[in-house]
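1. Build me a model from this:
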Amino acid sequence: MPQMIRPPGGKDETTYLRMLFLKTEQRLIAEINRKRGQGYVDYAEIAALNRTQKILQEMVDESWSYVPAMIEKIFYKSEAAANGYANAAGLTASQLGVVQQLSNNLLGDIVEASVTAQKNIEESFQIGRLEADRIREAALKSVAEAKAAGYGAGRAAASMKKELQSVMATAENGVTEGITAFVDKSGRKWSLQDYCNMATRATARQAEVSAILTADPDHDLYRIVKIGSTCPICAPLEGRVYSRSGTNPDYPPLASAFGKIDPNGSNDLSNTYLNIHPNCLHALVKYTTIGKSEAQIQKDKDFSSFGKNPVTVDPRSKKQIAAYKEKIRNRQKLLSDYKQHERYRAVLGNDIPKSFEKFRELKYNGDEGWKSAQALYRKTNAYNKIILKEPAITADLKKISNNTGVTLVGLENRIKSKDSFLRKVGTDSEHSLDSQIIKDTINSTNDVIRYTYQSNALSLVDSYKNVSKHITDMGYKTVKVKNTWLNKRSAYKGVNCVFESTEGQRFEVQFHTPESYKLKDSKEMHGLYEEHRKDTTSAERRNVLNNKMFELSSQLEIPLNIDQIK
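-> The predicted structure follows:
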């Protein structure tokens, strides 16, 4: 079992729970990647599923160490605040019962999430080869990008940084997905980390409310504090006085504000959600009529009454509504920036500021620097997506080689390096920072994944026909065929084809004789080509280099019937 994340004394257990959920999800993804990243595309070893189940069980076991302590600490803190003591003397039997119930509820959510996650992992191991599954694509990524520790709980766990792996490189406006742990009524999928975090926040909030309500068992009336620029759900409910027991005829039951689990059930708080919604910021305070005039008491009753003051009416002023909308916009913008920072760090690593604050500074004040960062992200993200498709294509082309007897050579070079890809896209796009130009350039780059079949000069044409037929029979589409053997204007001699998978991924397949392949990869020819394509090479020097390349390729034997390949 890995070393547990132990919260130091006095620290907030909720922070460590978030770290635990994050670490668990990343360990699961790493386990799925472990064999598939080595080329085992359809890896479905029972042992792997046992390991993921063990990881999830460790998360549940460790949660037992945090959850009761978290909720009990909330009770002590709230009890002390309610009674004005520096520290609470101790919890009552009824309070301990509520702590236990809330702990069990949250742990039940965590267990249920782990079961659902394991089920989804098992399904992901059984997905067919051409299934466009996000988890499977992540598993095929050959080099996992390090996920930034970043903003929030991750910042407190720098030691975890090496363990974290990016689930996948997403689109510019996409989100990072994880292991699905819960599907809500609207069909939205919650990742293990997000769902457990939400359940923890909701339970912590319920504990705060319960602690206030149980601090004085004999007190019945409580007011939900009015905070002004609140949401439209809370606004009609705030400022009112409620009866905890639901038996006071002058005030509405507190259950009416919290929402009843069973609409036809009792007004007892055990039949409520103990909060208006998980992220509700309202506090409860005791209400008493002592010292109030009859007129003030009646005013409070009238304001609290659902009949005289309907909850369907939004009581906020235009200024309060505008302030709330502005707060939501800012929060959404902040969240969007945070997720974008995570994506950029996962893809670009140290090419992007580690600090979230510096990232925002770059985004909003960086001008050309931000445009350059966006361009680099788009190129690198595109590259990462392309190489995810490589293992499945390689498996097919190896199978074709075995079936036809035509040799595949140079498999170690089947993926263009990231630096070479970035350099090519930069040159071909004339180093443009325009997103559409970059996208068009990437779409026209067909050789990130590339293969070479080799046959002698007498059989090359037959080998080309045989292999090409097998490729198309497997569902791939022929996009382009370029035969330069008889092209007097090209020093390069070979047959270059571009094929496209059913998922739309293009790749290059070359056909060479042993001699043409050896010349293409020779240091001499490669050096001439590299110098020829440099922007700084003069026209006169290019002519000299071109003549040398033609001189070398003129010595090659022309394959039999090569003119049949159009």
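2. Look up the closest residue to L56, ignoring the ones flanking it.
-> S114 (4.0 Å; C-beta to C-beta, 6 or more residues apart in numbering). Every residue, glycine included, has its C-beta placed from N, CA and C.
3. per-residue confidence averaged over the helix or strand harbouring that neighbour?
-> Using DSSP states H and E, S114 sits within helix 93-125. Throughout helix 93-125, pLDDT has a mean value of 68.
4. Now that I565 has come up, it's in contact with N496, right?
-> No: the pair I565 and N496 fails to qualify as a contact (C-beta atoms under 8 Å) at a distance of 10.6 Å.
5. Please enumerate the shared neighbours of the two.
-> Common contacts of I565 and N496 (C-beta atoms under 8 Å, 6 or more residues apart in numbering): V481.
6. Now stretch 466-481: buried residues?
-> Residues of stretch 466-481 classed as buried under the neighbour-count rule (16 or more other C-beta atoms under 10 Å) are N466, V467, S468, H470, I471, Y476, V481.
7. Mind checking which of these are in strands?
-> Cross-referencing these against strands under DSSP state E gives V481.
8. Of the buried residues of stretch 466-481, just say which sits nearest to R533.
-> V481 (23.1 Å; C-beta to C-beta).
9. which residues touch the closest one?
-> V481 neighbours (C-beta under 8 Å, 6+ apart): V495, N496, C497, V498, I565, K566.
10. So in terms of bridging, what pairs with the spatially closest residue to the first one that is not a sequence neighbour?
-> Think V495. Using C-beta to C-beta, 6+ apart and skipping the chain neighbours, the partner closest in space to V495 is F511 (4.1 Å). F511 has the following beta-bridge partners by DSSP bridges: Y453, V495.
11. From T502, how far out is F511?
-> Remark: distance between F511 and T502 (C-beta to C-beta, to the nearest Å) = 23 Å.
12. quick one, which of those two is more surrounded?
-> More neighbours surround F511 than the other of F511 and T502, with 28 against 11 (other C-beta atoms under 10 Å).
13. Confirm for me that the more buried one is in contact with C497.
-> Yes: F511 is within contact range of C497, at 7.5 Å (criterion: C-beta under 8 Å).
14. Could you check the pLDDT of G405?
-> For G405, the predicted pLDDT is 96.
15. so Y242 is in which element?
-> Going by DSSP H and E, Y242 is in strand 241-243.
16. Which helix or strand lies directly C-terminal to that strand?
-> Per DSSP H and E, strand 241-243 leads on to helix 254-258 as the next helix or strand towards the C-terminus.
17. And whichever helix or strand comes after that next one, what does it pack against?
-> Following helix 254-258 in sequence order, the next helix or strand is strand 284-286 (DSSP H and E). Strand 284-286 is packed against helix 192-215, strand 221-224, with contacts defined by 3 or more C-beta pairs under 8 Å, 6 or more residues apart in numbering; DSSP states H and E.
18. I'd like the mean pLDDT over strand 284-286, please.
-> Averaging pLDDT along strand 284-286 gives 87.
19. Not counting its own residues, what contacts that strand?
-> Strand 284-286 is contacted from outside by A82, V209, I212, L213, D216, H219, L221, Y222, R223, I224, V225, using C-beta under 8 Å, 6+ apart.
20. Make sure the fourth one is actually in contact with Y242.
-> No: taking C-beta under 8 Å as the contact criterion, L213 and Y242 are not neighbours in contact, 10.5 Å apart.
21. sorry, back to before: could you dump the contacts of V481 to a markdown table with neighbour count, pLDDT and distance to G366?
-> Output for the contacts of V481, formatted as a markdown table (neighbours: other C-beta atoms under 10 Å; pLDDT from 0 to 100; distance: C-beta to C-beta, whole Å):
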| residue | neighbour count | pLDDT | distance to G366 |
| --- | --- | --- | --- |
| V495 | 23 | 96 | 46 |
| N496 | 19 | 96 | 40 |
| C497 | 23 | 97 | 42 |
| V498 | 17 | 97 | 37 |
| I565 | 19 | 94 | 50 |
| K566 | 6 | 87 | 50 |
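22. Switch those over to TSV; also include distance to S270.
-> Formatted as TSV, the contacts of V481 follow (distance: C-beta to C-beta, whole Å):
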residue	distance to S270
V495	76
N496	73
C497	70
V498	67
I565	79
K566	80
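23. which residues are contacting stretch 519-533?
-> With C-beta under 8 Å, 6+ apart as the test, stretch 519-533 has contacts from 410, 427, 492-494, 512, 537, 541-542, 545-546, 548-549, 552-553, 556.
24. Do you have the strands of the stretch 401-550 of the chain handy? List them.
-> Under the criterion DSSP state E, counting those that start in this stretch, the stretch 401-550 of the chain contains strands at 407-409, 450-454, 477-483, 495-500, 506-512.
25. Send me the second one as PDB with only the CA atoms.
-> Extracted as PDB, the C-alpha positions of strand 450-454 are listed here (Å, rounded to 0.1, in the frame of the first residue of the first chain):
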ATOM      1  CA  ARG A 450       5.000   7.200 -41.200                       C
ATOM      2  CA  TYR A 451       6.100   3.700 -42.200                       C
ATOM      3  CA  THR A 452       8.400   2.100 -44.900                       C
ATOM      4  CA  TYR A 453       7.900  -1.200 -46.700                       C
ATOM      5  CA  GLN A 454      11.000  -2.500 -48.500                       C
END
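26. Determine the set of other helices and strands touching that strand.
-> For strand 450-454, the packing partners by 3+ C-beta pairs under 8 Å, 6+ apart come out as helix 390-404, strand 407-409, helix 460-473, strand 506-512, helix 514-520.
27. Let's see that with 6 Å instead.
-> Here strand 450-454 touches strand 407-409, strand 506-512, going by 3 or more C-beta pairs under 6 Å, 6 or more residues apart in numbering; DSSP states H and E.
28. Can you say which of the ones you listed is packed in most?
-> strand 506-512 (a mean of 23; mean count of other C-beta atoms under 10 Å).
29. Could you tell me the angle between that one and helix 460-473?
-> Strand 506-512 runs at 160 degrees relative to helix 460-473, counting by axes from the mean of the first three to the mean of the last three C-alpha atoms, to 10 degrees.
30. quick one: average confidence on strand 506-512?
-> 97.
31. Who are the packing partners of it?
-> With contacts taken as 3+ C-beta pairs under 6 Å, 6+ apart, strand 506-512 sits against strand 450-454, strand 495-500.
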